[in-house]
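S.K.: just to be clear, the model below is a prediction. Sequence and coordinates:
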Amino acid sequence: MPEGHTIHRLAADLTPLLVDRMVAVSSPQGRFAADAALVDGCVLERIEPYGKHLWFWWGNGLVGHVHLGLFGRFRISTTGPSSRHAVRMRLATPEAIVDLSGPTDCSIGTADDRDRIVARLGPDPLRRDGRQEEAVARMLRRRTPIGTLLLDQSVVAGIGNVYRAEVLFVHGIHPARPANECTADELGAVWDSVRAMLRKGVRDRRIVTIDRRLLPTGRRLRRGDSTFVYHRERCLRCDTPIGTVTLGGRPCYFCPSCQPH
DNA sequence: CGTATATGGATAC
DNA sequence: TATCCCTATACGT
């Protein structure tokens, strides 16, 4: 679930439920209990998404940090606590209960702590302050494979393994190509595409990158098809067997035919 | 019941 | 580069 679109979707969903309210903060599972006590009963002033990070600005000046990692998940209930799951953090108002399980990080810190983390993030395509030129500059000056850079949160914040593969496919770029062998126009187009993909992900609440205009006319889609190359056996466009190359420590799926060296 | 897998990332070497 | 952590789910036995 969690690439940047998930985080921005969560901020939009949780804000009307929790912001400007006094929130009971607890940790049924226990590991967040000491931190929870620091903000329990405070008014939540703002929920801020940035890349794959989520910050909770509390009325007493403290700032909660959540990073879902690979397994983290929020469950929202308006009818009572959802049992059965290990709940690291519970945010409760009279109207709603928000349960967080499995995060890589869930902690309470200061605004400075938040700033230090944001300082090492690249621009986020889903934020108003996300600047295309900044991301292009960060990529263009390096000869690192573009597939590695797109996964590097200090270059662009919010892209994960699915969007990286899909956006490179859409532009016909082999993931191992050194970033500085791309043109500025090309990299700008990659930014624009991934921003559009992420926005669609926020709207749909899931990743669907397929654009029928990029497929041969008459190509039949199977139920559940959502990507061109990610986690597929064969390319959705040309049926060539999909390859993978490990970049940034994780397999990057690509079509050897549509994305030649 | 066990095992494999997953859209992430920090840390140790 | 390797290892570990966090959790849920799908699937095989």
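M.R.: Looks like it arrived, so ask away. Everything quoted here is computed from the prediction, not taken from an experiment.
S.K.: tell me if stretch A:139-150 is near DNA strand B.
M.R.: No: counting by CB under 7 Å from any atom of the strand, no contacts exist between stretch A:139-150 and DNA strand B, the nearest distance being 10.2 Å. C-beta coordinates here come from the backbone N, C-alpha and C atoms, glycine included.
S.K.: so, in contact with DNA strand C or not, that stretch?
M.R.: No: for stretch A:139-150 and DNA strand C, the contact criterion (CB under 7 Å from any atom of the strand) is not met; the two come no nearer than 9.5 Å.
S.K.: hmm, who's touching that stretch?
M.R.: A:138, A:155-156, A:159, A:163-164, A:167-168, A:173, A:175-182, A:184, A:187, A:190, A:194, A:245, A:247-248, A:252, A:254 (CB atoms under 8 Å, 6 or more residues apart in numbering).
S.K.: tell me, how many residues neighbour the nearest residue to A:P260 once chain neighbours are set aside?
M.R.: Counting by CB to CB, 6 or more residues apart in numbering, A:P260 lies nearest to A:H174, which is 6.4 Å off, once chain neighbours are set aside. Other residues lying near A:H174 total 19 when counted by other CB atoms under 10 Å.
S.K.: OK, contacts around A:H174?
M.R.: A:168, A:254, A:259-261.
S.K.: now the buried members of those residues.
M.R.: Buried residues within the contacts of A:H174, counting neighbours by 16 or more other CB atoms under 10 Å: A:168, A:254, A:259.
S.K.: coming back round to it: next step: the contacts of A:H174 restricted to strands.
M.R.: Among the contacts of A:H174, the residues falling in strands (DSSP state E) are A:F254.
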